[in-house]
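Novice: Sequence first, then the predicted structure, then my questions.
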Amino acid sequence: MRKLISFILLAVLGIGIVRPLKKIPFGTPKSKVGKYYVNNGVKDTGATNIVTSVVLNYRGFDTLGEVTVLFIAALGLGAVLTIRTGRKTKEKIEKASIVLSTGCRFLFPFILLIGAYIFIHGHLTPGGGFQGGAIIASAYLLVYLGCRGRRVSEKASSVVESLAGLIFVIVGLIGLSVGGYFLLNFLPKGIPNSLFSAGIIPIIYVAIGFKVGSELAGVIDHLMEDT
């Protein structure tokens, strides 16, 4: 009976996948939206990275929702771990191996530099605020593994996170007041493929990079401390 039910479910799933594919002419976009982004993205936003122009301009309000979801997730994790662990007790921490401790000291600043480079150049090359912030958080993970006993300052992390989120919202509200919709690209777009181009997009990506980096570093801190 179980085999019969599994076979029926697989058949239904297969039909659901195959039938739509037969109706799609491969190589020809069915929607005009994607074609518009490709043809007009650089002209409208000044960003040569089309993904960036979509994420931070055409659907920038949606990106604000994504950052908010990440913030709520980090806040919820911190609350759960705080309730579960109660008061923090200091325990003797075992020293890391010489490979990890050496890597922590020498690689940490370079990982931060790479993360900053990625979100600063997000409007020019693949990457952006989320990717650069994740790389910055991985640098702090290396610190926790190799330089044991060191922790991120919760106060400094919360200040950076709050300021980054505030910058995002303020820039969006300025666009709303100037042009009538949230995250309007009100700054000069500059010359494509140059660092100072794409209007507000680099500012937004820097803010997202710091916000995501501080939030993920805080999540890692809570998890490492709990273990």
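Specialist: In hand now; what should we look at? Residues are numbered from 1 along each chain as shown.
Novice: Pull the worst-scoring helix or strand of the chain on mean pLDDT out as PDB, backbone CA atoms only.
Specialist: The weakest-scoring helix or strand in the chain, judged by mean pLDDT, DSSP states H and E, is helix 2-23 (a mean of 74). Listed next in PDB are the C-alpha coordinates belonging to helix 2-23 (Å, rounded to 0.1, in the frame of the first residue of the first chain):
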ATOM      1  CA  ARG A   2       2.800   2.400   0.900                       C
ATOM      2  CA  LYS A   3       4.600   1.600  -2.400                       C
ATOM      3  CA  LEU A   4       1.400   2.300  -4.300                       C
ATOM      4  CA  ILE A   5       0.900   5.700  -2.600                       C
ATOM      5  CA  SER A   6       4.500   6.600  -3.200                       C
ATOM      6  CA  PHE A   7       4.200   5.700  -6.900                       C
ATOM      7  CA  ILE A   8       1.000   7.800  -7.200                       C
ATOM      8  CA  LEU A   9       2.600  10.800  -5.500                       C
ATOM      9  CA  LEU A  10       5.700  10.500  -7.700                       C
ATOM     10  CA  ALA A  11       3.500  10.300 -10.800                       C
ATOM     11  CA  VAL A  12       1.600  13.400  -9.800                       C
ATOM     12  CA  LEU A  13       4.800  15.300  -9.100                       C
ATOM     13  CA  GLY A  14       6.300  14.200 -12.400                       C
ATOM     14  CA  ILE A  15       3.200  15.400 -14.400                       C
ATOM     15  CA  GLY A  16       3.200  18.700 -12.500                       C
ATOM     16  CA  ILE A  17       6.800  19.300 -13.500                       C
ATOM     17  CA  VAL A  18       6.700  18.000 -17.100                       C
ATOM     18  CA  ARG A  19       3.500  19.700 -18.300                       C
ATOM     19  CA  PRO A  20       4.500  23.300 -17.600                       C
ATOM     20  CA  LEU A  21       7.900  22.700 -19.200                       C
ATOM     21  CA  LYS A  22       6.300  21.700 -22.400                       C
ATOM     22  CA  LYS A  23       4.500  25.000 -22.600                       C
END
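Novice: Tell me the residue in the protein that is farthest from the middle.
Specialist: Within the chain, the residue lying farthest from the chain centre (CA atoms, centre = their mean) is Met1, at 45.8 Å.
Novice: confidence score at it?
Specialist: Met1 carries a pLDDT score of 71 in this model.
Novice: Use 610 as the first number for this chain going forward.
Specialist: Okay, residue one is now 610; in that scheme the one you just asked about reads as Met610.
Novice: gap between it and Ile617?
Specialist: To Ile617, Met610 is 11 Å away according to CB to CB, to the nearest Å. (Glycine included, C-beta is placed from N, CA and C.)
Novice: now the host helix or strand of Gly712, how far from the chain's geometric center?
Specialist: Assessed by DSSP states H and E, Gly712 sits inside helix 707-729. Helix 707-729 sits 18 Å away from the centroid of its parent chain (CA atoms, centre = their mean, to the nearest Å).
Novice: which helices and strands does that helix pack with?
Specialist: Packing contacts for helix 707-729, counted by 3 or more CB pairs under 8 Å, 6 or more residues apart in numbering; DSSP states H and E, involve helix 738-755, helix 810-835.
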